[in-house]
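[1] Sequence and predicted structure, then a few things I'm wondering about:
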There are 2 protein chains.
Amino acid sequence: MQFDVIITIALKEGMLDPEARAIRNALEHLGIPTLSLSTARRFRLGLEAPTREEAEARARECCVRLLANPVIPRYESEVA
Amino acid sequence: MQFDVIITIALKEGMLDPEARAIRNALEHLGIPTLSLSTARRFRLGLEAPTREEAEARARECCVRLLANPVIPRYESEVA
């Protein structure tokens, strides 16, 4: 079966996010003040797997082995 | 009122995505073949606005004026 998986890689709570800070400043200058702003990477994968559980396991493996390092980012994956 | 807005900036259909290609190759070498893969940036904003419509309008303005250029990316914003 084919599964559509969304993986989101964000910074862990409390990590500095200089890009977010720069965007907040820029938006403020454009007259759009924000209360908060955080950035993340999103990946959408098509996976072939026998079961939904197997697709979820492979998605987690993508995160752990390639997309997220274990120190800075936190990740979530979701099978649609 | 405070609104939580998610903005996703992705490449338009048909644009080359070399990062996605590199990740697909790397996953293949790790024994996780994929049928497709696409990348996007996700921003989560806290916005103060009088109404939900106004929050949506400001989110679109963020996309048009700062986060997405009109040629390459497509964007979607969603008020939670």
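    That came in fine, so what should we check first?
[2] Kindly provide the whole-number mean pLDDT of the longest strand seen in chain A.
    Across chain A, the longest stretch assigned as strand under DSSP state E is strand A:36-48. Per-residue pLDDT values over strand A:36-48 give a mean of 94.
[3] Stretch A:69-80 too?
    Stretch A:69-80 comes out at a mean pLDDT of 75.
[4] what comes up buried for that stretch?
    Across stretch A:69-80, burial judged by 16 or more other C-beta atoms under 10 Å in any protein chain shown covers A:Pro73, A:Tyr75, A:Ser77, A:Val79. C-beta coordinates here come from the backbone N, C-alpha and C atoms, glycine included.
[5] hey, what's A:Glu76 bridged with?
    A:Thr8 (DSSP bridges).
[6] In this structure it contacts A:Val5, no?
    No. In this structure A:Glu76 lies outside contact range of A:Val5 using C-beta atoms under 8 Å: 10.9 Å.
[7] Distance check, A:Val79 against A:Leu16.
    Applying C-beta to C-beta, to the nearest Å, the value for A:Val79 to A:Leu16 is 32 Å.
[8] can you pull out the helices in chain A?
    With DSSP state H as the criterion, chain A has helices at A:18-29, A:52-62.
[9] Point out the most buried one among these.
    Sort the helices of chain A by mean neighbour count, taking mean count of other C-beta atoms under 10 Å in any protein chain shown, and helix A:52-62 sits at the top with a mean of 17.
[10] contacting residues around it?
    A:1, A:3, A:5, A:7, A:43, A:45, A:47, A:49, A:77, A:79, B:27, B:30, B:32 (C-beta atoms under 8 Å, 6 or more residues apart in numbering or on different chains).
[11] Take it, keep the C-alpha atoms, and write them as CSV.
    C-alpha atoms of helix A:52-62 as CSV (Å, rounded to 0.1, in the frame of the first residue of the first chain):
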residue,chain,number,x,y,z
ARG,A,52,0.2,1.6,8.3
GLU,A,53,2.3,0.7,11.3
GLU,A,54,5.2,-0.2,9.1
ALA,A,55,4.8,3.2,7.3
GLU,A,56,4.9,4.9,10.6
ALA,A,57,8.0,3.0,11.6
ARG,A,58,9.8,3.9,8.4
ALA,A,59,8.9,7.5,8.8
ARG,A,60,10.4,7.5,12.3
GLU,A,61,13.5,5.9,10.9
CYS,A,62,13.8,8.7,8.3
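[12] Next, the angle from it to strand A:36-48.
    Taking axes from the mean of the first three to the mean of the last three C-alpha atoms, to 10 degrees, one finds helix A:52-62 and strand A:36-48 inclined to each other by 120 degrees.
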